[in-house]
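1. give me a 3D structure for the following:
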Amino acid sequence: AGCPFAYEMPGPSNPQAVGDDDDSVSQSDVYPYSIHCSGVGLTSMPGPIPPQAVFLHFSNNALQSLPATVFRNATGLKSINFPFNQITALAPGMFGGLALIRIWFSGNRLASLPADLFAGCSSILLMGLSNNMFMTLPDGIFMSVAANLSELDL
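-> Just a heads-up that it's a prediction; the model follows:
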């Protein structure tokens, strides 16, 4: 496994424009601190996300879970991307206090979501949760993000 947050690469300044394939990202269109750990074989998170991180991309690994506090100190996060892993659960309120614009967890093994997962995340514009194992979702789970949400991929 690699990427113990040593691979800090330029990321997009417009996380809305980024899909699962970042090939179109211009090197001149960057955030101050981005972490790209895609396809490096991670089976667990190497530690909490650094406070200065703005853009995360951890696609195509073998992550099964994320610690409930993994994002706690990264208060500048705008975009969280963990598609195509093996994540089975997300902790209640784990995104609380973050001014996120984009959350992408498509292609995992999520069967349910905590009712308060998105509490306090009214800034989310884009959310990807497709290709998971959902049978039902809690009533009102998207109410806190409904005002600004422009895309929900479910």
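2. which other helices and strands does the lowest-mean-pLDDT helix or strand in the chain contact?
-> Of the helices and strands making up the chain, the lowest-confidence element is strand 34-36, at a mean of 87, by mean pLDDT, DSSP states H and E. In terms of contacts (3 or more CB pairs under 8 Å, 6 or more residues apart in numbering; DSSP states H and E), strand 34-36 is packed against strand 55-57. The C-beta positions use only the backbone N, C-alpha and C, and glycine is treated the same way.
3. list the contacts of the residue positioned nearest the centre of the chain.
-> With distances taken as CA atoms, centre = their mean, residue 80 lies nearest the centre of the chain, 2.4 Å away. Residues in contact with residue 80 (CB atoms under 8 Å, 6 or more residues apart in numbering) are 56, 71, 95, 100, 102-104.
4. quick check: bridge partners of it?
-> residue 56, residue 103 (DSSP bridges).
5. that one and residue 139: what is the separation?
-> Separation of residue 80 from residue 139 (CB to CB, to the nearest Å) stands at 24 Å.
6. ok so, going back, next, format the contacts of residue 80 as TSV and append pLDDT.
-> Below are those laid out as TSV (pLDDT from 0 to 100):
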residue	pLDDT
56	93
71	92
95	92
100	95
102	96
103	97
104	97
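7. mind listing what residue 56 touches?
-> 34-35, 37, 49, 77, 79-82.
8. and what of residue 132?
-> 105-111.
9. which helix or strand contains it?
-> Taking DSSP states H and E as the definition, one finds residue 132 inside no helix or strand.
10. measure it to residue 95 for me?
-> For residue 132, the distance to residue 95 equals 17 Å [CB to CB].
11. how about low-confidence regions in the protein?
-> Under the criterion of pLDDT under 70, the regions of the chain flagged as low confidence span 1-2, 4-32.
12. one more time with 90
-> 1-37, 45-52, 72-73, 96-97, 119-121, 136 (pLDDT under 90).
13. now residue 87: closest residue in space, sequence neighbours ignored.
-> With CB to CB, 6 or more residues apart in numbering as the measure, residue 108 is the residue that lies nearest to residue 87, at 4.2 Å, once sequence neighbours are left out.
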